[in-house]
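Trainee: have a look at this fold, sequence not included:
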C-alpha cells in the first residue's frame with residue numbers, strides 16, 4: 001500500500017491533534033516496514049516528522065474555505081491507496097480510500113463554546129466528512145457513540161483506538177524535580193490544570209470550587225492554570241476578581257511542551273473538570289507521572305482514568321471542592337492512587353494506537 005498521512009496541522013498548532021499526528025507518524029514508522037508512506041507537511045514547515053518515510057510539502061493551508069478542492073488537486077500526483085486525515089476533514093478525492101479521525105464533537109454538543117467562525121467551519125464539514133470517509137477512527141468509545149448517535153453513522157464504520165502516552169512522562173527523582181521547580185519558578189505545591197483556558201474546560205466552575213476549597217482549607221495550595229488564554233477569557237478573569245481569587249491563582253502561558261513532565265510531577269493534584277473531552281491527554285500524562293487526578297465523569301475522561309482518582313459532576317462545584325479536599329488531605333488514599341495511576345498509564349501505548357490504525361488501512365483496501 002501507498003499510505004498518505006496529512007500532517008499539515010502540526011505547523012499551525014501544538015498539543016491535542018498535533019500531538020496525535022506526531023506520535024502516530026513515529027509509531028507507524030517503527031511498526032510498519034512493509035508499506036510505503038508519504039507524510040504531508042505544510043510548505044511552511046521546516047522540521048520533518050519522519051526519518052524513514054517520505055516527506056512531501058503541500059501548499060494548501062489547513063481550514064481554508066477551498067481546502068477540500070485544493071488538496072484534491074495537490075494530492076492527485078501521489079497516487080495514494082489510502083489517505084488518513086487526522087483532522088477529520090478529507091479532500092474531495094485524495095486517494096482510492098479515505099480514513100479520517102474524529103476526535104470529538106464539541107461543536108455539536110456545545111456550540112455556544114466556539115467562536116462563530118469555528119462553529120460554522122466544523123458544522124458545515126462534519127456530515128460530509130463522515131459520509132465520504134471509508135472508515136472513521138475515534139479516540140474513545142464516547143466519541144464513537146457520539147458519531148453513531150448524532151451523525152447516524154453505522155457502528156461498523158467506526159473503530160476506537162485509544163491514544164498513547166510518551167515515555168517522557170514518568171516520575172522524576174526529587175533532585176530533578178527541585179531543579180525544575182526552581183527553573184520554572186513553581187510553588188512548592190499546587191493544584192494543576194493543563195489546557196486552553198476556554199469555556200469547554202469549565203474554568204469558571206473550577207474557580208467556584210476552588211473558592212469553596214479555600215473556605216474549607218485556608219492553607220490549600222494555589223491553583224496553577226497552565227495553557228493559553230482562549231475564547232471568552234475575560235469572563236474567567238472577572239470571576240477570579242468577583243471571587244477574590246487573584247492572589248491564589250498562577251496563570252502560566254509560558255510552559256513549553258518539554259516542561260510538562262516536570263509540571264505534572266510537581267503538582268499535588270491534576271484537576272480536569274471539563275464539560276466535554278474527546279480524549280483527555282492531561283489526565284493520562286499526569287497519571288504517568290504519578291500525580292493524583294480529579295476529573296469530570298463525562299464524555300471520554302472515565303475511559304482514560306478508569307478507577308483511578310476521583311470523578312465528579314462538572315456542574316457541581318461543591319462536589320469538585322470535596323474531591324479536591326480529599327485528594328489533598330487523605331495521604332493513604334493518595335499513595336494508593338499514585339501507584340494505580342502509574343499502572344493504568346502503562347496500558348496506553350502509541351504502538352497500540354498505530355497498530356489499530358494500520359489494521360484499518362488494510363481493511364478499507366481489502367473491502
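Mentor: All right, it came through fine. No experiment lies behind these values; they were computed from the predicted model shown.

Trainee: and the residue lying closest to residue 324 once chain neighbours are set aside, what does it touch?
Mentor: In space, and not counting its chain neighbours, residue 324 is closest to residue 213: 5.2 Å by C-beta to C-beta, 6 or more residues apart in numbering. C-beta coordinates here come from the backbone N, C-alpha and C atoms, glycine included. Shown in contact with residue 213 (C-beta atoms under 8 Å, 6 or more residues apart in numbering): 220, 321, 324, 325.

Trainee: so residue 213 sits in a helix?
Mentor: Yes - checked against DSSP: H, G, I helix; E, B strand; the rest coil, residue 213 lies within a helix.

Trainee: so how far is residue 244 from it?
Mentor: 13 Å (C-beta to C-beta, to the nearest Å).

Trainee: now residue 17
Mentor: Distance of residue 17 to residue 244, given as C-beta to C-beta: 37 Å.

Trainee: so these two - more neighbours on which side?
Mentor: Per other C-beta atoms under 10 Å, whichever of residue 17 and residue 244 has more neighbours is residue 17, with 20 against 10.

Trainee: show the pLDDT at that one.
Mentor: As predicted, residue 17 sits at a pLDDT of 91.

Trainee: repeat for residue 114
Mentor: For residue 114, pLDDT reads 69.

Trainee: can you check residue 233 too?
Mentor: 88.

Trainee: stretch 290-304: how far from the chain's middle?
Mentor: The chain centre lies 13 Å from the centre of stretch 290-304; the measure is C-alpha atoms, centre = their mean, to the nearest Å.

Trainee: tell me which residues in that stretch are buried?
Mentor: 290-296, 298-304 (16 or more other C-beta atoms under 10 Å).

Trainee: the closest residue in space to residue 232 that isn't next to it in sequence: what's it in contact with?
Mentor: Residue nearest to residue 232 in three dimensions, not counting chain neighbours: residue 199, with 5.6 Å by C-beta to C-beta, 6+ apart. Residues in contact with residue 199 (C-beta under 8 Å, 6+ apart) are 110, 112, 113, 230, 231, 232, 235, 275.

Trainee: separation between residue 199 and residue 239?
Mentor: From residue 199 to residue 239 the distance is 12 Å (C-beta to C-beta).

Trainee: do residue 3 as well
Mentor: According to C-beta to C-beta, residue 3 and residue 239 sit 47 Å apart.

Trainee: please apply the same query to residue 23.
Mentor: Separation of residue 23 from residue 239 (C-beta to C-beta) stands at 35 Å.

Trainee: comparing the two, which residue is more hemmed in?
Mentor: residue 23 (20 against 17).

Trainee: for the helix or strand harbouring the more buried one, name the packing helices and strands.
Mentor: In the assignment (DSSP states H and E), residue 23 maps to helix 17-31. With contacts defined as 3 or more C-beta pairs under 8 Å, 6 or more residues apart in numbering; DSSP states H and E, helix 17-31 has these neighbours: strand 2-6, helix 9-12, strand 36-42, helix 350-366.

Trainee: got the angle between that helix and strand 36-42?
Mentor: 160 degrees (axes from the mean of the first three to the mean of the last three C-alpha atoms, to 10 degrees).

Trainee: quick one: residues in contact with helix 17-31.
Mentor: Here helix 17-31 has contacts from 5, 7, 9-10, 37, 39, 49-53, 86-87, 101, 103, 139, 163-164, 166, 281, 350-351, 353-355, 357-358, using C-beta under 8 Å, 6+ apart.

Trainee: can you show me the helices along the stretch 201-350 of the chain?
Mentor: 203-216, 233-242, 260-266, 281-288, 301-305, 317-329, 331-345, 350-366 (DSSP state H, counting those that start in this stretch).

Trainee: same question, the stretch 51-200 of the chain
Mentor: Going by DSSP H, counting those that start in this stretch, the stretch 51-200 of the chain shows helices at 67-75, 106-109, 116-132, 141-151, 174-184.

Trainee: of these, which shows the lowest average pLDDT?
Mentor: helix 116-132 - the lowest mean pLDDT of the helices of the stretch 51-200 of the chain, at a mean of 82.

Trainee: report the angle between it and helix 141-151.
Mentor: Going by the same axes, to 10 degrees, helix 116-132 makes 90 degrees with helix 141-151.

Trainee: residue 18: neighbouring residues, count only.
Mentor: Neighbours of residue 18 (other C-beta under 10 Å): 19.

Trainee: look up how far residue 182 lies from it.
Mentor: 30 Å.

Trainee: circling back to that earlier point, just the closest of the contacts of residue 199 to residue 344, please.
Mentor: When these are compared for distance to residue 344 (C-beta to C-beta), residue 275 comes out closest, at 23.4 Å.

Trainee: quick check: the closest one touching residue 204?
Mentor: No - using C-beta atoms under 8 Å, residue 275 makes no contact with residue 204, being 10.9 Å away.

Trainee: TSV for the helices of the stretch 201-350 of the chain, including distance to residue 151?
Mentor: Below are the helices of the stretch 201-350 of the chain laid out as TSV (distance: least, C-beta to C-beta, whole Å):
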stretch	distance to residue 151
helix 203-216	28
helix 233-242	31
helix 260-266	33
helix 281-288	24
helix 301-305	20
helix 317-329	31
helix 331-345	30
helix 350-366	18
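
Trainee: so which of the ones you listed is nearest residue 75?
Mentor: helix 350-366 (16.1 Å).

Trainee: so which residues make contact with that closest one?
Mentor: For helix 350-366, contacts defined as C-beta under 8 Å, 6+ apart pick out 1, 3, 23-24, 26-28, 30-32, 35, 81-82, 84, 96-97, 99, 134-135, 137, 159-164, 166.
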